[in-house]
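> sequence plus predicted model, see below.
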Amino acid sequence: MSEKNRDGKRTARERLAVEREKQKSAEKRRRVLIVGASVVCVLGLAAVIGVVAANSGKDSKSDSAGPVVAPSGAQGKDSLAVPVGEESAKSTLTVWEDFRCPACQSFETNYRSTIHELTAAGKLKVEYHLATIIDGNMGGSGSRHAANAAACAQDAGKFTAYHDVLYENQPQEADDAFAKDSKLIELAAKVDGLDTPAFRTCVEAGTHNSWVVKSNEAFRTGGFGGTPTVLLNGKNIYQDQTMTPAKLKQMVEAADKA
């Protein structure tokens, strides 16, 4: 075989090897993007946030101009946590959620019955913190309106039931249906005793809007990557890929017996 032919074959093999490496790299990037997009409702890219902030700033002035009115019974720093369960429970689950966030709905669907069981037994206290990152990422105000309505439900002693109804009736992420007060009031009818004049006034007046804005600011400055963020006694358990409702129950019951 001539030297020229050998060089030609070697060059062809080298080109083929380079092409294969490019394909491997492209496939790896594709998998990473798919996994990353499916895990949590993440904070938007800086460019997107900049545009949204510029647009939403006008709206947020009216939302945060009034006094910060925390819902009844709110606890923690700046009264930003809505507590569910017995104060004496040995374990505390801290949940940062957005009512428009599909990943939050998935968490609630999978863990709801276990969390209700543990809180009813006095073994777990849950502190809910409400965020509005989907409003920022997708546009609209449904996250904020739903959070305000949930705070209004807390005033009426119906937070847990209404919280669950909101997730059970969550619209598609790009659908800003929760921005309509009429929709939030319609859903309140699914909770016994919630659809009252006081609740309607609270929803329509945006009584807790400034509180919601402050809660979202605490989320933004807290260094959290997205919603839901779920902490058990301060430890982020949502990042644990082995976590299941059964494992959560086991951990809480072990702490209760300690």
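Looks like it arrived, so ask away.

> specify the local secondary structure of the closest residue to Phe159 other than its chain neighbours.
Distances taken as CB to CB, 6 or more residues apart in numbering place Ala153 nearest to Phe159, at 5.0 Å, with adjacent residues excluded. Where C-beta positions appear, they are placed from N, C-alpha and C, glycine not excepted. Look at Ala153: counting by DSSP: H, G, I helix; E, B strand; the rest coil, its state is helix.

> report how many residues lie close to Ala153.
For Ala153, the neighbour count with other CB atoms under 10 Å is 27.

> same check, this time on the one 10 residues further on
Residues within reach of His163, counting by other CB under 10 Å, total 24.

> hmm, it is touching Ala151, no?
No: His163 is beyond contact range of Ala151, at 10.5 Å (criterion: CB atoms under 8 Å).

> show the pLDDT at Ala54.
According to the prediction, Ala54 has pLDDT 32.

> same thing with the one 5 residues further on?
At Asp59, the model reports a pLDDT of 44.

> also Leu43?
The model's pLDDT for Leu43 equals 58.

> the chain should start at 19 in everything you say after this.
In the new count, where the first residue is 19, that last one comes out as Leu61.

> does Leu249 lie in a helix or a strand, and which?
strand 247-250 (DSSP states H and E).

> now tell me what touches that strand from outside.
The list of residues contacting strand 247-250 from outside it, by CB atoms under 8 Å, 6 or more residues apart in numbering, reads 109-114, 125, 237, 254-256, 266, 269-270.

> and what of stretch 86-98?
Outside stretch 86-98, the residues touching it (CB under 8 Å, 6+ apart) are 99-101, 145, 147, 169-170, 172-173, 175, 177, 225-226, 228-229, 232-233, 236.

> got any ranges where this structure has weak pLDDT?
19-58, 60-83 (pLDDT under 70).

> helices of that one, start to end?
Secondary structure of the chain (DSSP state H): helices at 21-57, 64-82, 120-138, 151-156, 160-173, 177-186, 199-206, 215-223, 227-239, 263-275.

> for the spatially closest residue to Gly211 that is not a sequence neighbour, phi and psi?
Leaving aside its chain neighbours, Gly211 sits nearest to Lys176 (6.9 Å; criterion: CB to CB, 6+ apart). In terms of degrees, to the nearest 10, the main-chain angles of Lys176 are phi -120, psi 20.

> quick one: Lys176 from Ala168, how far?
The spacing between Lys176 and Ala168, counted by CB to CB, to the nearest Å, is 9 Å.

> looking at these two now, which is surrounded by more residues?
It is Ala168, of Lys176 and Ala168, that has more neighbours when counted by other CB under 10 Å, with 26 against 21.

> doesn't Val183 make contact with that one?
No: between Ala168 and Val183 there is no contact under CB under 8 Å: 9.8 Å.

> now for the nearest residue to Tyr129 once chain neighbours are set aside: which residues touch it?
If the residues on either side of it in the chain are set aside, Tyr129 comes closest to Pro263, at 5.2 Å by CB to CB, 6+ apart. By CB under 8 Å, 6+ apart, Pro263 lies in contact with 128-129, 131-132.

> ChimeraX command for the buried members of the residues you listed?
This is the ChimeraX syntax for the buried subset of these, where burial follows 16 or more other CB atoms under 10 Å:
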select :129,132
